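Student: Sequence unavailable; structure follows:
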């Protein structure tokens, strides 16, 4: 038996706004950041669990405070008991009635609970000597549904229906694991499409993306419709006809604006419109989906929890589910999201980029392929090529596909040197203190 | 000209769980708390703005951290410029692109932004020498709509439609203000109905509520259906036939459970069912509304922002809007909510109780009566009779009606002695430190 003896948190910020990496219509100058948590035990194995919430700068300290608020729940816990029943671990944190008032199940507190759970998943996978995707893929259907909180889902997905989905995928698990190892998992790239880039850089990066083997690119839109048309024309010319170009408005529009704007870009052959409006606006997404058909609507990076995903599916407001590794209540809630997508027959194409989102979310897509949806058809994980070097097991994308991570863990551990170098000290890099 | 020179925050917690005040099906042992903010200036008038976010204990420190994260936005601001354009003050805080990532517009960060705005409203009202409800009621329709962020609302409520609503109410303002001063604003009481109370206490408090002149009582339900039937029978016998009894499940059920459970209680003549399921489940509320008709569905104390209120109205999932003073982005966003309710012809019956929620939200209902809906028909503010003594201008309810507050300010200032006594020091009152 071992016990949790330390819960360390760190405010880590990268000065990405200096390069305009990550600029879009709603986020002009993000400083990609991580509220980082490390859970240590008194076991002789020396293993710790690491995870984080991704933020874009200011407020990362608030997220760290939320992680700190969980210390009392975690310190002194029996590690084996906790890791053996990760459904109970979810309930320990997500069902705390006082903390729940701060959401419920949304925003700063919910994301912190997700990171705490993910740190436990990282520890559990390391103890098992398995990458998280494989650990999950080897659990039985019953063990997997026990991880999921079906509260508020039962009008769309019951425990029994989830079991059916998982059992149906069980026979092919071994073959699919072999296929995954052989070919990897499809990636698409957002690298060319940030709003802050020049036309020349956009064109060059579009060509490079095709040459690199990516099956799709994505462009940020929504600041100015004429600029968007010019940039889409450049991108379309660079990649050629038929090559999928998705567009992403980062919540910029109201419903009517979204429909008009997207239709004004339709001639450039758009693969999907992502985050056309508020991530809270389920009915708005449904109205937009009807108004821009046959262009598909994608959303999810800001969808707060499984209850909103459920409704987006029920309402026909989402054709592509873009789960995010650190927006919801951790691996547990993202398994609920994968099961919802499978139930409704919708592909999951995770949001990634940021800090460590590629590293983390690839495990969920690979688990989905092996044990849930059983398919890579129409599915791919976003890839943005920066900040990977700060992780001990960086995501590797070659020829437009994520290579399968083999190292034990959830992919969420950062190098100690990176943590030390980028720990926030209240002064933005490049600024002179007053 | 004056400048903001201080932003002080305090973690205030009352040990309410010792008495089981406030116990319900989801919140068995709340410690009513306030993350409190005071905005000070260098003006000779010596006035400060005070406001808070209500929480129920653990995590109040996270909410304080979120208030602290706004200090840099507020310190050094020109007070007059900020108070003269409170729409711009909203944008300064709510549109910060980096902080927005932590929501957007929901949870810990959004509630903190609401409290910061409300502290400015408190200061603005004190400088004007007016209670907040009267300050708002004397603004022109154009000034009022300038406070509202119509982003994501325009498919349900445009600026022009809001102007029409306010202009239609303009002619009767003076008469309604006189009526309000003469008769007060209706209150209903939740005091009898907490789950932790004995049957004897329930019955006694029900009789007292009727004797005190309250036009409605509310009972917590959702832990056990047989208990609920027994308690409703006791309450119905105590108050007599025809007297309105609302019930409140505090998000306890899934959709099918809610419909079955509420229908099992229907024979006791239920005025409304409050929070039957997740506050995020718009489509679920609509399904429940259809399934329990003609019993009305009420919700709002956990509705995160105007976008979710909009959809509850669009979907027919809410017959009574229960705004909360500290859940959304402050007075500004609650004005959006009042306008949405007026557009859809739905009564607003605010959530109150907690710490200071009665004191704060009464200003919004009174403003609604004078300048927005122009009606008290079917409208009342929740009242729970505890913790009022900690406020400098406590809410006063007599014969089932809120008396009109006349003191300058937003009602959100606590006594310095209360703040000092209940400042959280990390040890629960009644507990012995280890």
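Tutor: The structure has been received and is ready for your questions. Here the structure is a predicted model, which means the values were calculated and not measured.
Student: How far off centre is stretch A:366-381?
Tutor: 15 Å (C-alpha atoms, centre = their mean, to the nearest Å).
Student: Show the contacting residues for residue A:41.
Tutor: With contact set as C-beta atoms under 8 Å, 6 or more residues apart in numbering or on different chains, residue A:41 has these partners: A:2, A:3, A:4, A:5, A:47, A:48, A:79, A:123. C-beta: built from backbone N, CA, C; applies to glycine.
Student: filter those to the buried ones?
Tutor: Buried members of the contacts of residue A:41, scored by 16 or more other C-beta atoms under 10 Å in any protein chain shown, are A:2, A:4, A:47, A:48, A:79, A:123.
Student: Tell me, what's the model's pLDDT at the second one?
Tutor: What the model reports for residue A:4 is a pLDDT of 98.
Student: Check the one 4 residues further on too.
Tutor: With respect to pLDDT, residue A:8 has a value of 98.
Student: One more: residue A:431?
Tutor: According to the model, residue A:431 carries a pLDDT of 46.
Student: Same question for residue A:19.
Tutor: Value for residue A:19, per-residue pLDDT: 70.
Student: and it, what does it touch?
Tutor: Residue A:19 neighbours (C-beta under 8 Å, 6+ apart): none.
Student: ok, it to residue A:95 distance?
Tutor: From residue A:19 across to residue A:95, the span is 42 Å (C-beta to C-beta, to the nearest Å).
Student: for residue A:371, same thing?
Tutor: From residue A:371 to residue A:95 the distance is 26 Å (C-beta to C-beta).
Student: So for these two, which sits in the more crowded spot?
Tutor: The neighbour count for residue A:371 versus residue A:95, taken as other C-beta atoms under 10 Å in any protein chain shown, is higher for residue A:371 (26 against 16).
Student: Show the contacting residues for the more buried one.
Tutor: Here residue A:371 is in contact with A:136, A:137, A:139, A:144, A:166, A:169, A:170, A:173 (criterion: C-beta under 8 Å, 6+ apart).
Student: Adding pLDDT, secondary structure and neighbour count, write those residues out as JSON lines.
Tutor: Formatted as JSON lines, the contacts of residue A:371 follow (pLDDT from 0 to 100; DSSP: H, G, I helix; E, B strand; the rest coil; neighbours: other C-beta atoms under 10 Å in any protein chain shown):
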{"residue": "A:136", "pLDDT": "98", "secondary structure": "helix", "neighbour count": "26"}
{"residue": "A:137", "pLDDT": "98", "secondary structure": "helix", "neighbour count": "24"}
{"residue": "A:139", "pLDDT": "98", "secondary structure": "coil", "neighbour count": "17"}
{"residue": "A:144", "pLDDT": "98", "secondary structure": "helix", "neighbour count": "22"}
{"residue": "A:166", "pLDDT": "98", "secondary structure": "helix", "neighbour count": "21"}
{"residue": "A:169", "pLDDT": "98", "secondary structure": "helix", "neighbour count": "21"}
{"residue": "A:170", "pLDDT": "98", "secondary structure": "coil", "neighbour count": "12"}
{"residue": "A:173", "pLDDT": "98", "secondary structure": "helix", "neighbour count": "15"}
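Student: Quick one: residues contacting residue A:229.
Tutor: Per C-beta under 8 Å, 6+ apart, neighbours of residue A:229: A:264, A:265, A:268.
Student: Just to be sure, which of these are found in helices?
Tutor: A:264, A:265 (DSSP state H).
Student: ok, the contacts of residue A:229 vs residue B:347, which is closest?
Tutor: Distances from residue B:347 to the contacts of residue A:229, taken as C-beta to C-beta, are shortest for residue A:264 (41.0 Å).
Student: what's the neighbour count on residue A:243?
Tutor: Residue A:243: 18 neighbours (other C-beta under 10 Å).
Student: Would you tell me which residues of the stretch 51-200 of chain A are close to chain B?
Tutor: A:55-59, A:61-63, A:65-66, A:68-69, A:96-112, A:151-155 (C-beta under 8 Å from any C-beta of the partner chain).
Student: so where's chain A uncertain?
Tutor: Scanning chain A with the threshold set as pLDDT under 70 gives A:20-23, A:427-434.
Student: For it, which residue gets nearest to chain B?
Tutor: residue A:107 (1.8 Å; C-beta to the nearest C-beta).
Student: and that residue, what does it touch?
Tutor: A:304, B:102, B:103, B:106, B:107, B:108, B:109, B:110, B:304.
Student: in chain A, which spans are strands?
Tutor: Along chain A, counting by DSSP state E, strands occupy A:4-13, A:33-41, A:48-55, A:185-193, A:217-220, A:245-248, A:270-274, A:296-299, A:320-321, A:381-383, A:397-398, A:401-402.
Student: Which elements pack onto the third one?
Tutor: Secondary structure elements in contact with strand A:48-55, counted by 3 or more C-beta pairs under 8 Å, 6 or more residues apart in numbering or on different chains; DSSP states H and E, are strand A:33-41, helix A:60-68, helix A:107-128.
Student: rerun that using 10 Å as the cut-off
Tutor: Counting contacts by 3 or more C-beta pairs under 10 Å, 6 or more residues apart in numbering or on different chains; DSSP states H and E, strand A:48-55 packs against strand A:4-13, strand A:33-41, helix A:60-68, helix A:107-128, helix A:357-367.
Student: Please name the strands paired to it in the sheet, noting orientation.
Tutor: Using DSSP bridges, strand A:48-55 pairs in its sheet with strand A:33-41 (antiparallel).
Student: which parts of stretch A:120-135 are buried?
Tutor: Neighbour counts using 16+ other C-beta under 10 Å place A:120-127, A:130-135 of stretch A:120-135 among the buried residues.
Student: any idea how far it is from the chain center?
Tutor: With C-alpha atoms, centre = their mean, you get 18 Å for stretch A:120-135.
Student: thinking again about what came up before, now restrict the contacts of residue A:229 to buried residues only.
Tutor: A:265, A:268.
Student: Which one of the contacts of residue A:229 is nearest to residue A:241?
Tutor: Distances from residue A:241 to these, taken by C-beta to C-beta, are shortest for residue A:268, at 10.1 Å.
Student: Skipping adjacent residues, who's closest to the closest one in space?
Tutor: residue A:232 (4.1 Å; C-beta to C-beta, 6 or more residues apart in numbering or on different chains).
Student: cool, and residue A:54?
Tutor: residue A:354 (4.3 Å).
Student: go on, residue A:371?
Tutor: residue A:137 (4.7 Å).
Student: right, and the one you found touches residue A:144 too?
Tutor: Yes: under the criterion of C-beta atoms under 10 Å, residue A:137 makes contact with residue A:144 at 9.4 Å.
Student: Okay, now stretch A:400-420: how far is its last residue from its first?
Tutor: 32 Å (C-alpha to C-alpha, to the nearest Å).
Student: Pull out the buried residues from it.
Tutor: Neighbour-count burial for stretch A:400-420 [16+ other C-beta under 10 Å]: A:400-405, A:408-414, A:418-419.
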